[in-house]
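J.: prediction below, plus the sequence it came from.
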Amino acid sequence: MPHDEGLVGIFSYVDDLLKALERLKQAGYRIENVYTPLHLPEVEDILGKKPSVVRLITLLGGICGGLSTVGLAVYAHLSFSLITSGKPVLPWVPWVIVCFEGTILGAVLSSMVAWVVKGGMPRLRSVPGYDPAFSQDRFGILVACTGSEQEQVRTLLTEAGAGEVRHAAW
Amino acid sequence: MQPGRLSASPRLTVIFILLALIGAAAFISGILGSDPLRAWQAYLVNFLFWTGLSSGAVLFAAVLNLTDARWGRPLKRVAEAFGAYLPVGFLLFWVLYFGRVEILPWIREPVPGKEIWLNVPSLFARNGVGLLVLSILSLAMIYYSVKSDREWIAGRERGLADEGAENVSCKLCWKRQRTLSPILVIVYSLVLTLLGFDFVMSLDRNWYSTLLGGYFFVGSFYIGVAALYLLALLLGGRSELKNHLTPRHFHDLGKLVLAFCLFTGYLFYAQFLTIWYGNLPAETRYVILRVKLTPWEPLAWVVLFMIFLLPFFILLSRRVKLKKPGMILLSLMIITGMWLERFILVAPSLWKRGNVSLGVLEVLVTAGYLGIVGLCVAAFLKRVPLLPVSDPLFRKSIEMKEERLRP
Amino acid sequence: MAELQFHEVDKEVLKTLRPGGRTYWISVILLFLGAFYGYFVVWPYQILTGLGSAGYRPPVMWGAYLVNFVFWIGIGHAGTLISAILFLFRARFRTSISRSAEAMTIFAVFIASLFPIIHLGRPWVFYWIIPYPNERFLWPDFESPLIFDFLAVSTYFTASLLFWFTGLVPDFATLRARTTGFRKKIYGFFSLSWSGTDRQWHHYGMSYLLLAALCTPLVISVHSVVSWDFALAIIPGYHSTIFPPYFVAGAIHSGLAMVLTLLVPLRWIFHFESIISMDTLEKVAKTAVLMAMAVGYAYVVEPFIAWYSGNVFERQTFLFRMVGYYSPLFWVMCFCNVIAPAFFFIKKIRTTPLLLFVIGILINIGMWLERFVIICGSMARDYLPYAWGNYWPNWVDWSITFGSFCLFFLLFLLFIKFLPAIAITEVKAEVTPPVRPKEEPYAA
């Protein structure tokens, strides 16, 4: 969405933030971002999000990790087919552990990559409308709106309790 | 909030009584018949299974008290209900004395060097004392829990104000429960370890495993939690409980069942890997008989699927945990699987005839035990408030539910 | 913690990041010298002269270094327990201590992972254990518990580091907002330009939950794998099925004791009483009691089964533990690991910070001795009486052990000065959320 503009409302209180979000949603405005210094599940409820795809990526990463680690072990043992202490060349009993560790490693790495990439990080330019106060003790809503709508949005935000409303363009 | 009691239909009581009578008849005809070993074996497996189930369920209530947990509070009374069977179980234990020659092979052929541990008087004395202490402690904890609720309800009916209505007696009962809970945990682990060592490990003269006691009592807790899950699912639709047992509670219980499925599987694997790797004949004899030789091998795989593999993959999915009929079937499968697991721990050491001794007799004896346990649980739940209304953490969990962030 | 206001959280927690005083820098320098002595003076000496200079000779070829390895991995477990497992249990008391505990884990696991290299005779070929195609016609034997160890510990280190870092990212954003200049650039870099948008929190929250859920079985598997280093051998005293849960319980025990050892002084020095409440410390103490009971259970069951087995080798191993050459260590260990923490049953004792600290140190001593008694004691008296021999750590062993402790405390001191020692974002989620007070009316 290049070259858009909108308004950022800065809130000090959580209930104000949630009230503003509900009103904005009901009025049908496009809510670009909601900034919070902590995770608020209520925000996600209001905005109506699907479960994150990170789950699926983690599962797939785990399966790949487990299979590849056991695959490595199988390849290594088949290279020389040595029999050590009377155990079979490909012993499944101890390789439960190998598979398990590989699964966890694969899942952890893919989970990490997933949330970083899905969050659009790292980025060179800062997210539009972001204010350092949003990482401390303020909450914010970035609403995409043009010219005429801006007055209505500004009123809505102020009535809901925004301490400050700024203009943002990106 | 009505502290209701369970109104079980008289038909259920009749069914339980019938089951108990059928089981007793089958058992008595078995021991008087041509093959008493089979009947005694079935009795022993059932004794171990149901004692583990009920003490495991009561342990859940004790652990709730120990950890100040709020999520499981509504289930506290349902968990304590299984404790009603414990005194009966203690009496049923003494019946084993009459079959001791059949079920304890070292009586016919004493094991040299182990006589001071493996002899009849000390075995029955120590297990008897252990079960007695376990029953008394469990009943004491349950007693204080129920007494506290009864007094609280009586206080409400007399019209005391809600705020600060926790009179001194309720506080004392709560304090006693909290003192008894850690003691119960310690006694549970020691008594069930003893049961495992004496009635599972000693059946094979030369075998030993340091983890068997731990495996036995953690497995029993797994059975107890699965049984609690099943009972909560069956009772959850009742009006007395419906407001308090939300889907979230069932989801959490499902996660707890998954956790103990994993824990039990882990303990099994810990024993299996160590014994497989060391390959010492004294240790492997037990495992090879069950896992590699006919006739027991297929049963071992069935057990693995029923108690570990299937529950693990099914319980991983969030959606499945919320589907009631599926979860009822799952918990039934886990309970049956663990019964078979106790069976496969015990039976191959005793039954050397080349076939798997699972048949009508085992089903009937198990049904008999089911009837007895069902009678105890139903009788208990009919007389007590279903919800732990005076439990301070229960009250807090209700208040927390009503807090909302939204304006 | 209820007294702390939402907008005060940043300021309160970041008190530790103010420039350190003289005591701080003197401690850092002394610890650095100690670690340098252990790792850069004595270890090169050992590499040059060989392992024999460290007191290793048959039959005891696993000595203080393996003890340290198991000890430090064990210390790391409490961190994962507190941050991952208690997160899954939704235990609220974990919030104020999870960050320091996780940091403790990472430093401990890092230190532990050096010890297998230190105890090699030819440490310069340690990379042979890494499975990659090579010209030596060699693959590691994937059936060996030492390879499981390598896989498990490296997975554990990676997972703990990523989990810790994930938790730190929003805190780095806070630090980025509150600092200037060079520090701002560094914190900004590590914050990955985190902005706290709803989309970011959505994926982050799911990932954090999954990482916690993954770290939980991982931590149990890691110390089980470490225990299998011993249990899969057939030496009496090593070969025991109870080792995995026994070692995991012991690891959590020593880790919680180290948490008490680190956090009680931290709380006292920086006046964190409102954030790290006495209730939190009490709960840590109660968990320590539970672990003490688990370890005590194993202390009873193992000798019993050794006797019950009728195996003369098992019986003599446990008799040796109780009355033999290392028996004073055994009895001190029983006291420190089971009896001393049992005092935490008394409420007065578990709510006194000084006693928490002292008993924490006793537990750590006891757990170190337990590993020593198991590892070295069993090797000293195995099957052949002709091959029996005693081992005692000498100055090289003690120096490197001393160096590892110095390194651990050094890393922890540096951590609290440069990174938020308490998870700011999670504390913000725990305090009462800021709602508009009745007295403040809305603007027109």
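T.: Yep, that arrived. Residues are numbered from 1 along each chain as shown, chains lettered A, B, ... in the order given.
J.: so what's C:Leu413 closest to, chain neighbours aside?
T.: Spatial nearest neighbour of C:Leu413, excluding adjacent residues (Cβ to Cβ, 6 or more residues apart in numbering or on different chains): C:Val28 at 5.6 Å. Placement of C-beta: from N, CA and C, glycine included.
J.: state the pLDDT value of the closest residue to B:Thr210 other than its chain neighbours.
T.: Distance criterion Cβ to Cβ, 6+ apart; nearest residue to B:Thr210, sequence neighbours excluded, is C:Ile242 at 3.8 Å. Looking at C:Ile242, its pLDDT is 95.
J.: neighbours around C:Ile242, how many?
T.: By the criterion of other Cβ atoms under 10 Å in any protein chain shown, C:Ile242 has 25 neighbours.
J.: list the contacts for it?
T.: B:Thr210, B:Leu211, B:Gly214, B:Ala270, C:Ala298, C:Val301, C:Glu302 (Cβ atoms under 8 Å, 6 or more residues apart in numbering or on different chains).
J.: who does whichever helix or strand C:Val396 is part of touch, helix- and strand-wise?
T.: C:Val396 belongs to helix C:395-418 when assigned by DSSP states H and E. Judged by 3 or more Cβ pairs under 8 Å, 6 or more residues apart in numbering or on different chains; DSSP states H and E, helix C:395-418 is in contact with helix C:22-36, helix C:43-49, helix C:64-80, helix C:95-118.
J.: winner for burial among those?
T.: Counting by mean count of other Cβ atoms under 10 Å in any protein chain shown, helix C:64-80 has the highest mean neighbour count of the helices and strands packed on helix C:395-418, with a mean of 28.
J.: need the CA coordinates for that helix. CSV is fine.
T.: Listed next in CSV are the C-alpha coordinates belonging to helix C:64-80 (Å, rounded to 0.1, in the frame of the first residue of the first chain):
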residue,chain,number,x,y,z
ALA,C,64,35.8,-33.6,38.2
TYR,C,65,35.3,-32.4,34.6
LEU,C,66,32.4,-34.7,34.0
VAL,C,67,31.1,-33.8,37.4
ASN,C,68,31.2,-30.2,36.4
PHE,C,69,29.6,-31.0,33.1
VAL,C,70,26.6,-32.6,34.7
PHE,C,71,26.5,-30.0,37.4
TRP,C,72,26.3,-27.1,35.0
ILE,C,73,23.8,-28.7,32.7
GLY,C,74,21.7,-29.3,35.8
ILE,C,75,21.9,-25.7,36.8
GLY,C,76,20.6,-24.7,33.5
HIS,C,77,17.4,-26.8,33.9
ALA,C,78,15.8,-24.6,36.5
GLY,C,79,15.9,-21.7,34.1
THR,C,80,13.9,-23.6,31.5
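J.: quick one, that helix and helix C:95-118 angle?
T.: Orientation check (axes from the mean of the first three to the mean of the last three Cα atoms, to 10 degrees): helix C:64-80 against helix C:95-118 gives 160 degrees.
J.: and whichever helix or strand comes after helix C:64-80, does that touch chain A?
T.: Downstream of helix C:64-80, the next assigned helix or strand under DSSP H and E is helix C:86-88. No: against chain A, helix C:86-88 shows no contacts by Cβ under 8 Å from any Cβ of the partner chain, the least distance being 12.5 Å.
J.: domain ranges for chain A?
T.: Using automatic domain parsing, the domain parsing of chain A gives A:5-49+A:126-169, A:54-118.
J.: CA-only coordinates of the helix holding C:Val396 in PDB, if you can.
T.: The C-alpha trace of helix C:395-418 is given here as PDB (Å, rounded to 0.1, in the frame of the first residue of the first chain):
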ATOM      1  CA  TRP C 395      45.000 -28.400  41.800                       C
ATOM      2  CA  VAL C 396      44.400 -28.500  38.000                       C
ATOM      3  CA  ASP C 397      40.900 -29.900  38.500                       C
ATOM      4  CA  TRP C 398      40.100 -27.400  41.200                       C
ATOM      5  CA  SER C 399      41.500 -24.500  39.200                       C
ATOM      6  CA  ILE C 400      39.300 -25.100  36.200                       C
ATOM      7  CA  THR C 401      36.300 -25.800  38.400                       C
ATOM      8  CA  PHE C 402      37.000 -22.500  40.100                       C
ATOM      9  CA  GLY C 403      37.400 -20.800  36.700                       C
ATOM     10  CA  SER C 404      34.000 -22.100  35.600                       C
ATOM     11  CA  PHE C 405      32.300 -20.700  38.700                       C
ATOM     12  CA  CYS C 406      34.000 -17.400  38.100                       C
ATOM     13  CA  LEU C 407      33.000 -17.300  34.500                       C
ATOM     14  CA  PHE C 408      29.400 -18.100  35.400                       C
ATOM     15  CA  PHE C 409      29.100 -15.200  38.000                       C
ATOM     16  CA  LEU C 410      31.000 -12.900  35.600                       C
ATOM     17  CA  LEU C 411      28.600 -13.500  32.800                       C
ATOM     18  CA  PHE C 412      25.700 -13.100  35.200                       C
ATOM     19  CA  LEU C 413      27.000  -9.800  36.500                       C
ATOM     20  CA  LEU C 414      27.600  -8.500  32.900                       C
ATOM     21  CA  PHE C 415      24.100  -9.600  32.100                       C
ATOM     22  CA  ILE C 416      22.300  -7.600  34.800                       C
ATOM     23  CA  LYS C 417      24.300  -4.500  33.900                       C
ATOM     24  CA  PHE C 418      23.600  -4.500  30.100                       C
END
